[in-house]
Each structure stands twice: as structure tokens, then as C-alpha cells.
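> Just need the structure, nothing else, for what follows:
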Amino acid sequence: PEPPTGHLAAMALAAGTAPVPMVAGESPVYAMSHQVFPWLPLAAVIDGSILVVHGGIGDGNFSLDDINRIPRPLLGIDQSPLAANLLWSDPSDSDERMAWGVHGSPRGASILQFGPDVTAAFCRRNDLSMIVRSHQYVPDGYKVMHGGRLLTVFSARNYMDSVSNDGAMLLAAADADGNLRVRPKRLVQRMAAQEGELM
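Numbering: from 1, shown residues only. Down below sits the predicted model:
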């Protein structure tokens with residue numbers, strides 16, 4: 001069979017079926033870029049107070065030091081349940097009591113959905129003010145959740161050419177008093193007047 005290319009190659013690498021062989025006509029730089037995926041950071045901390053991850057925190061029962069102890073290269077998410085949840089877990093979409101705790105996820109057996117109480121406890125234990133994550137479509141490009149301690153940012157406008165949505169990006173900067181502030185900036189969909197197409 002043909003080896004995967006493009007985003008399928010990246011998924012193959014993340015699934016542990018790497019290394020991805022170079023396809024005829026493919027740029028060597030492109031092929032080599034896939035070799036760095038197992039070494040990329042799984043999280044970042046901004047100014048000691050904001051954790052940035054792709055997915056979420058799963059059950060939240062870990063420290064920032066535990067993230068640093070995940071063995072590298074990461075050749076598959078089955079290699080580390082913590083890595084799997086940092087990449088794939090999602091928050092509950094409600095702050096109501098019924099959404100509290102840890103729940104199963106349709107994304108897989110070891111992937112968890114976490115409630116606002118889990119987010120609050122994780123932030124308190126790790127001395128964080130908030131968690132920023134992506135990985136999940138939100139129509140307005142960003143969504144503040146879990147009592148303001150969690151922010152989902154989704155940068156892709158017109159997701160997969162099938163959904164008309166805004167994208168967003170975040171600006172994290174110190175205010176006049178030196179306090180770190182996070183401001184989402186919407187990347188609004190604009191309709192072309194004559195063509196009626198999304199720009």
C-alpha cells in the first residue's frame with residue numbers, strides 16, 4: 001500500500017506507525033519534519049501561570065513535573081496515558097454539578113472528559129491561573145469555560161470547508177500593572193458580497 005502523506009502521515013506518526021517514509025516527489029524537508037513530531041513539546045507554561053495544551057488534563061491527577069517525565073520520543077499515545085489525555089481529552093461543556101468529575105469520552109477508552117471541579121483543583125494544585133487548549137471546534141473561535149479557568153481556542157475558520165465558523169487567536173501580555181492578561185481575538189468570517197463565498 002501507499003505510505004500516508006500530509007496530515008495522514010502526521011496521524012500515522014502520532015499513532016506510532018512511524019517513521020513515515022519519503023514519498024516520490026515529496027520535499028525532503030517535509031519528510032524530515034515528520035521525524036521531529038515525537039520530540040515536540042506536549043505542553044507549555046506561559047509566565048508560570050497559564051498551561052497550554054492541545055487537548056486537556058484528563059483526570060487532572062498529575063503535576064507539571066509529570067509532563068516533563070513523559071519518555072521521549074513519543075512514538076504513540078498508547079505509550080503514555082498522560083500524553084494521550086494532554087493531546088485528546090476534552091472538558092465537559094457545562095459548569096453545572098452534573099458535569100463535575102471525570103467521565104468517559106467517545107475519543108477512546110483511555111481518553112477522559114473532565115469537569116470544572118477537576119480544572120479548578122488542577123490549577124490550584126499546580127499554582128496556575130488557567131488552562132488554554134484547542135483541539136475542539138467552537139463556533140465563535142474561542143470559548144471561556146469552567147468558571148474562567150479554561151479557554152478553548154480554535155484557530156481554523158471554515159473548518160474542513162464544511163462549517164461556517166470564526167477562528168480565534170490569543171494575545172497574552174502584561175497590563176499596565178504588570179499582570180498577565182489573556183485576550184481572545186476573533187478571526188471573523190466575512191461574506192463576499194458578489195460571490196456569496198466565505199473568505
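> mind listing the helices for the chain?
6-14, 28-36, 64-68, 81-88, 116-125 (DSSP state H).
> Name the residues that touch the longest one?
Counting by CB atoms under 8 Å, 6 or more residues apart in numbering, the neighbours of helix 116-125 from elsewhere in the structure are 57, 59-60, 63, 91-92, 94-95, 99-102, 128-131, 145-147, 149-150. For the C-beta atoms, the positions are set from N, CA and C on the backbone; glycine is no exception.
> A84 and S110: what is the separation?
Plainly put, A84 is 6 Å away from S110 if you go by CB to CB, to the nearest Å.
> Pick out whichever of the two has more residues nearby.
More neighbours surround A84 than the other of A84 and S110, with 22 against 17 (other CB atoms under 10 Å).
> Which of the helices of the chain sits closest to L180?
Closest approach to L180 among the helices of the chain is made by helix 116-125 (14.1 Å; CB to CB).
> what about V29, neighbour count?
7.
> distance of it from P116?
Distance of V29 to P116, computed by CB to CB: 43 Å.
> What of V36?
Distance from V36 to P116, by CB to CB: 35 Å.
> again, but for S94
From S94 to P116 the distance is 8 Å (CB to CB).
> higher neighbour count, those two?
Counted by other CB under 10 Å, S94 and P116 do not tie: P116 has more neighbours, with 22 against 13.
> partners of V53 in the sheet?
A43 (DSSP bridges).
> How about the contacts made by it?
L42, A43, L86, L87, I131, V132, R133.
> re the thing from before, which residues do S94 and P116 both contact?
Counting by CB under 8 Å, 6+ apart, S94 and P116 have no contacts in common.
> ok, the contacts of V53 vs G178, which is closest?
For the contacts of V53, the nearest to G178 is V132 (20.1 Å; CB to CB).
> Counting neighbours, what do you get for the closest one?
Using other CB under 10 Å, V132 has 19 neighbouring residues.
> Distance of the nearest residue to S89 once chain neighbours are set aside relative to D166?
Leaving aside its sequence neighbours, S89 sits nearest to G56 (CB to CB, 6 or more residues apart in numbering; 3.7 Å). The gap separating G56 from D166 is 22 Å, by CB to CB.
> Those two: who's more crowded?
Neighbour count, other CB under 10 Å: between G56 and D166, G56 has more, with 28 against 18.
> Need the phi and psi values for the more buried one.
In this entry, G56 is assigned phi and psi values of phi -170, psi -150 (degrees, to the nearest 10).
> residue contacts, it?
N85, L86, W88, S89, D90, P91, F114, I131, R133, H135.
> Against D175, how distant is the spatially closest residue to T152 that is not a sequence neighbour?
Spatial nearest neighbour of T152, excluding adjacent residues (CB to CB, 6+ apart): K143 at 4.7 Å. Distance, K143 to D175, by CB to CB: 23 Å.
> Who has more neighbours out of these two?
Ranked by neighbour count (other CB under 10 Å), K143 and D175 place K143 first, with 18 against 9.
> So that one versus D66, what's the distance?
As for K143, its distance to D66 is 27 Å (criterion: CB to CB).
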